[in-house]
Each structure stands twice: as structure tokens, then as C-alpha cells.
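Novice: Attaching a predicted model along with its sequence, questions to come.
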Amino acid sequence: MFVRSLVYLSSTALARYFPWDYQNLIAELNGFKQSRQHLIGFRRLYRWAVDRGIKGFDSNIYLEIKDVKSDRVDPYARIFLSQSGLDLDEEVRLLKRIEREVSPTSWEEAQFNIVLHLGFELAPRSIQFHSLDIADFEFIESADHEKYYTLWLPMAKKVGQRRPERRPRKITTRLGEKISRHVSEIQRRFGSDCEPLFVSPRGRRLSVNEIGPGLKHELREAGIDKPHQVTMLLRHHLGQGLADQGTPADMIAELLGHNSTVAARAYVTATPNNCSD
């Protein structure tokens, strides 16, 4: 990082004289702002020189440099820079795709119908689809024979954890019934000791690289074809839908499995009626 910053530094007016004048230094930093790596590298280089007492480097100037921000687009700002959600007609087509009748003999097609349905309701990431086990699916039946379905969705795996944390998520009866039939079918095909919820034709856990294209195919069949967006499209749609209904940022973050409310606040900000909250 230092090397890249020095290479860039050599092309600026700062390379022609030293020590650097404060005003000229701040003015030249506008060029560094175009690249976050260049700016961070130069900032660390300046701090390294200040810490060693090298003549020509001033701690007060370092504090000014530290406050300079790069022009890099915040990753969550991309929510506003792209058509990241679903239009009303796209949502209608998606729901029709979800609710269509799937042949009982085509369990692979039924499996990706469940993936699409689950993506619409809970918007998991591909790695979460991959990590789901049959044991993560459960239901209870009330005294009046009503069934309630829960999916224990795996969160991001933290350092030192052998198994990702699971958080309970309620799912609709329609999706729960689909998963119940799916579990029975894959256990019939691959044995009762089959652990993963989503499997390949050979009974192995479906990989992330298989889930992405399969889900993209389902979206295309529903008439939704947006480049470079698969699970994130559904996540943005769910997040924005929750914000539009007045859901607080902390609850949106919890439902989407975020470790902070930064992204959730972006959805809330994008909702005109919530801007003043």
C-alpha cells in the first residue's frame, strides 16, 4: 500500500519539494481521494513518519489528513444507485412463479421452487441456503390441529465457532408444507441420515455455485432478469418492503441478519415517509 501511494505521490507536485507546505499538501490530497488505497497508504505513511519524529512531518497536519475522506462510494449507497428492488409487476410475476403447480416427479424443480419461495420470504444469502440442514426446519401442531412452521436460519460464522449461530424465523404455512414434502422426498431418495436441506442429484449438499445459477434461472422464468443480482435482489426487496411498512432499522437489521443497522438505515432513508424519523 505504501508503494502504490509513493508511486502516485511521485506524479504530484509534492514530489518536487519537501517539506510540504500545509495548503499545498491539503490541495494535493484531492487527487489521493480518488483512490481509497492511495489515501489510506499516504495517511499511514505520514503517521509512520510522525511517530518516528522525522523532520518535515507534523502531527497537527496528520490530524487534518486523517479527516480527509475518500470519494469511494459507500457500498450501501449502491442501494440508491441501482434498481435493486422489484417493481409491482415483477413481484406479481414472481408470486405466480412461486405458486405454480410443480410436478411431483420433478423433485429438483420443486426444490428450486422452495429456494425461490424462501428467498422471497426471508431473503437468505447463498451461503445460508447452502448451510441449511433438515434439522433447522421444525413445526408444532396446536390443539386445534393448526401447524406453525419455523426455520432456524444460519447466520454468519464467527471466529471460533464450529457451527454458525441459528436464529428462528417464522415461515408461511404454504412454504412450510412445501418443505415438509421436500424433506420426506429427499429422505426417501437418499436415506433418513441425509442432513442438508438442499441437495444435488447425488444427495450431496448443494453448493453456493449451484444455488446462485438455480435461483437466477427461477427469476428469469418469472420474467425478472437483472444483471449481477440474484440473492441480493431479493434481500434489497425485502429490506425496502419492510422499511416502507414502517419497520424500525434495528428490526430490519435483525431480520436480514446484519451485524449493524447501516444497511437498514439506508432502506429507511430511501422511504420518503420515514425520512424525518
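Specialist: Arrived safely.

Novice: which residues touch the helix or strand harbouring Ile186?
Specialist: Assigned by DSSP states H and E, Ile186 falls within helix 173-190. With C-beta atoms under 8 Å, 6 or more residues apart in numbering as the test, helix 173-190 has contacts from 99, 107, 110-111, 113-114, 117-118, 121, 134, 137, 139, 147-149, 151, 171, 194, 197, 199, 203. In this view, the C-beta of every residue, glycine as well, is placed from N, C-alpha and C.

Novice: residues in contact with the closest residue to Thr12 other than its chain neighbours?
Specialist: Spatial nearest neighbour of Thr12, chain neighbours left out: Glu28 (5.1 Å); criterion: C-beta to C-beta, 6 or more residues apart in numbering. By C-beta under 8 Å, 6+ apart, the contact list for Glu28 reads Thr12, Ala13, Leu14.

Novice: again, but for Asp133
Specialist: Glu195, Pro196, Leu197.

Novice: So what does the residue lying closest to the last one once chain neighbours are set aside have for phi and psi?
Specialist: So the one you mean is Leu197. Nearest residue to Leu197, sequence neighbours excluded (C-beta to C-beta, 6+ apart): Leu132, at 4.1 Å. Per-residue torsions, Leu132: phi -70, psi 140 (degrees, to the nearest 10).

Novice: Could you do the one 4 residues further on as well?
Specialist: Backbone dihedrals for Asp136, given as degrees, to the nearest 10, come out at phi -80, psi -10.

Novice: what bridges to Phe139?
Specialist: Taking DSSP bridges, one obtains Tyr149 as the residues bridged to Phe139.

Novice: What about it, how many residues nearby?
Specialist: Residues near Phe139, counting by other C-beta atoms under 10 Å, number 15.

Novice: and what of Leu242?
Specialist: By other C-beta under 10 Å, neighbour count at Leu242 equals 20.

Novice: Return the set of buried residues in whichever strand or helix holds Leu118.
Specialist: Assessed by DSSP H and E, Leu118 sits inside helix 107-121. The neighbour-count check on helix 107-121 (16 or more other C-beta atoms under 10 Å) flags 107, 110-121 as buried.

Novice: got the contact list for it?
Specialist: Here helix 107-121 makes contact (C-beta under 8 Å, 6+ apart) with 94-95, 97-98, 100, 102-104, 124, 129, 151, 171-172, 174-175, 178-179, 181-182, 185-186, 189, 198-199, 201, 211, 214-215, 217-219, 222, 231, 234, 238.

Novice: Alright, that wraps it up for me.
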